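Colleague: how would this look folded up:
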Amino acid sequence: MNGQIAEIANDIWIGNCEACQQHIGKFSRRIHIWHDTQPGFCDRLRLAGIQRTSDPGTVADGHTDLSLEYLEGSIIGVDRLSAVYDFAKQDGRMLIHCAAGIGRSSTLAVVALAARGADPFDALAMIARSEWKQYHHPHCPHFKSKRLNEIIKWLEGK
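Modeller: Numbering: from 1, shown residues only. Below is the predicted model:
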């Protein structure tokens, strides 16, 4: 798979695992979303020097990387949402990536954009527009409505 990457807004990009490896020096901050059911994905993260952890959000490498375990479609949870929100509030060009760069990364990008001042519904539109223009993929973005509902309700309480 080639590195798939899309610029969203507010110095936030989304992409796949290969994009993270190919553009490692381009970003001062990275959110790595992984899960154990994906063969080889965790190995690729480790080869890229990214530590996998079972903690909800572990910041490593001088506060430049956030590692999250999150299975597609599973409940995200307040601990993970808070970790992404707090991490994204800090300045710097940031890449949010999962294996394919179209589902989990897009979903958590809503939180990151909100942390940097975007309205959550505007964030959805920004992500959809960017992915459609830059990915040319018929299934982009691949948002899960239950997860978006969880995120929007959580953001309303911020």
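Colleague: Can you list the low-confidence ranges for the chain?
Modeller: Along the chain, the model assigns pLDDT under 70 to residues 1, 36-63, 137-140.
Colleague: In it, which helix is the longest?
Modeller: Determined from DSSP state H, the single longest helix within the chain is helix 120-135.
Colleague: any idea which helix or strand comes after that helix?
Modeller: helix 145-156 (DSSP states H and E).
Colleague: so what secondary structure elements neighbour that following helix?
Modeller: helix 78-89, helix 104-115, helix 120-135 (3 or more CB pairs under 8 Å, 6 or more residues apart in numbering; DSSP states H and E). No exception for glycine: its C-beta is placed from N, CA and C like everyone else's.
Colleague: List of residues touching the last one?
Modeller: Here helix 120-135 makes contact (CB atoms under 8 Å, 6 or more residues apart in numbering) with 4-9, 14, 101-102, 106, 109-110, 113-114, 118, 137, 140-141, 143, 148, 151-152, 155.
Colleague: what about 7 Å?
Modeller: Helix 120-135 has contacts (CB atoms under 7 Å, 6 or more residues apart in numbering) with 4, 6-9, 102, 106, 109-110, 113-114, 118, 140-141, 152, 155.
Colleague: same thing with the first one?
Modeller: Taking contacts as CB under 7 Å, 6+ apart, the residues outside helix 78-89 that touch it are 31, 56-57, 59, 66, 68, 70, 94, 108, 111-112, 115-116, 151, 154.
Colleague: Going by neighbour count, list what's buried in it.
Modeller: Within helix 78-89, the residues scored as buried using 16 or more other CB atoms under 10 Å are 80, 81, 83, 84, 85, 87, 88.
Colleague: how about CSV for those, with distance to residue 127 added?
Modeller: Formatted as CSV, the buried residues of helix 78-89 follow (distance: CB to CB, whole Å):
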residue, distance to residue 127
80, 18
81, 16
83, 19
84, 14
85, 16
87, 18
88, 14
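Colleague: can you pull the contacts of the closest residue to residue 100 other than its chain neighbours?
Modeller: Distance criterion CB to CB, 6 or more residues apart in numbering; nearest residue to residue 100, sequence neighbours excluded, is residue 16 at 5.3 Å. Residues near residue 16 by CB under 7 Å, 6+ apart: 1, 3, 4, 97, 99, 100, 101.
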